[in-house]
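Sequence first, then the predicted structure, then my questions.
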Amino acid sequence: MTLKSNTRKLAKLGKQVSDRLNRNARVYRFETNKAQVYSMCGFLPADDCRMLVRMIDQDAVPSTLYDASEDNEFRTSSSCNFSRHDPEIQRITQRISGLLGIDTGYGETIQGQRYQVGQQFKMHHDFFHERTSYWEREMSRSGQRTWTAMVYLNQPEGGGETHFPHLGFGVVPQAGTLLAWNNLSPEGKPNGYTAHIGAPVTAGTKYIITNWFRERPWADD
Ligand SMILES: O=C(O)CCC(=O)C(=O)O
Ligand SMILES: [Fe+2]
């Protein structure tokens, strides 16, 4: 038996979150009807960005993939798996969840990412794909990925943009800017248009945090 999402619940979540962001005058909605993509400048203050950069530098390990890809160059960044018990991480988590209006319990523990010169994350979707080795495990654990929220912690000297090739736009990293999108369609199904890349950094280092939300409360290992 293949585990399935509750698409009605996911459709409702998509509408709830997008209605909330649409009402927020500080949040910008990208002009496309193919996906719900938003950004907000100045979401995180500079001292929080600096604190997170320090934490990432302390604990970064090579990034992993759900689907071990043949391509060694697919995701070459380093990641930092923060502790969800860290009070500072809880504060940042609450800030993100509060903006989106999703209970903090639905978010995977925030991850930090560091990309050095030449490092990148090639085109991918954040939602889970059926018929993969991880599908049953992830679907029984906390269900499909719904929204992604990421925050740029600095501005690398060159490169590192987040591009959405099917939507025709990209975002240049700027310290404190949040970028959030619904990985699912208004019907609550995986939305292929949300494919995105973290372009190679060409100068300096890029730091971000990522918060992926799930269909059901996050069950930690
Ligand atoms: O680095 C980026 O700009 C994109 C990161 C990303 O796609 C992810 O963490 O899922
Ligand atoms: Fe992604």
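That came in fine, so what should we check first? Ligands and ions are numbered 1, 2, ... in the order given.

okay, CA-based contacts and neighbour counts for the rest of this
Fine.

Run through the strands of this protein in chain order.
With DSSP state E as the criterion, the chain has strands at 28-29, 37-40, 61-62, 78-81, 111-115, 121-124, 145-152, 158-159, 162-164, 169-171, 178-182, 196-198, 201-203, 206-214.

and these, which one is worst for confidence?
Lowest mean pLDDT within the strands of the chain: strand 61-62, a mean of 85.

Spell out which residues belonging to this structure are near ligand 1, please.
For the chain, the residues in contact with ligand 1 under the definition C-alpha under 6 Å from any ligand atom are D126, E161, T162, I197, G198, T210.

hmm, which helix or strand of the protein has the shakiest average pLDDT?
Of all regular secondary-structure elements in the chain, judged by mean pLDDT, DSSP states H and E, the least confident is strand 61-62 with a mean of 85.

Tell me the strands beside it, with direction?
Strand 61-62 has the following strand partners under DSSP bridges: strand 78-81 (antiparallel).

what's in contact with the partner strand?
Counting by C-alpha atoms under 8 Å, 6 or more residues apart in numbering, strand 78-81 makes contact with 55-56, 59-63, 109-115, all of which sit outside it.

Quick check: the gap between the residue most central in space within the chain and Y38.
Centre of the chain computed as the mean C-alpha position; nearest residue by C-alpha atoms, centre = their mean is T148, 3.6 Å away. T148 sits at a distance of 10 Å from Y38 (criterion: C-alpha to C-alpha, to the nearest Å).

so what pLDDT did the closest residue to A195 other than its chain neighbours get?
The shortest distance from A195 to any residue that is not its chain neighbour, by C-alpha to C-alpha, 6 or more residues apart in numbering, is 4.8 Å, and that residue is H125. In this prediction, H125 carries a pLDDT score of 97.

Give me the pLDDT value at Y66.
76.

In TSV: the strands of the chain, plus distance to Q94.
Formatted as TSV, the entries for the strands of the chain read as follows, by distance: least, C-alpha to C-alpha, whole Å:
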stretch	distance to Q94
strand 28-29	20
strand 37-40	16
strand 61-62	25
strand 78-81	17
strand 111-115	14
strand 121-124	26
strand 145-152	12
strand 158-159	30
strand 162-164	24
strand 169-171	24
strand 178-182	14
strand 196-198	25
strand 201-203	29
strand 206-214	11
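
Buried subset of the residues of the chain next to ligand 1 as a ChimeraX selection?
Isolation of the buried members of the residues of the chain next to ligand 1 (16 or more other C-alpha atoms under 10 Å) is achieved in ChimeraX through the command below:
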select :126,161,162,197,198,210
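
Quick one: residues in contact with stretch 49-62.
The set of residues external to stretch 49-62 that reach it, using C-alpha under 8 Å, 6+ apart, is 76-81, 112-114, 153-154, 175-176, 207.

Counting neighbours, what do you get for T93?
Using other C-alpha atoms under 10 Å as the criterion, T93 is surrounded by 20 other residues.

my bad, T132
Applying other C-alpha under 10 Å, we find 11 residues neighbouring T132.

try R29
The burial metric for R29, expressed as a neighbour count using other C-alpha under 10 Å, is 17.

Please list all residues in contact with it.
Residues near R29 by C-alpha under 8 Å, 6+ apart: N22, Q36, V37, Y38, S39.
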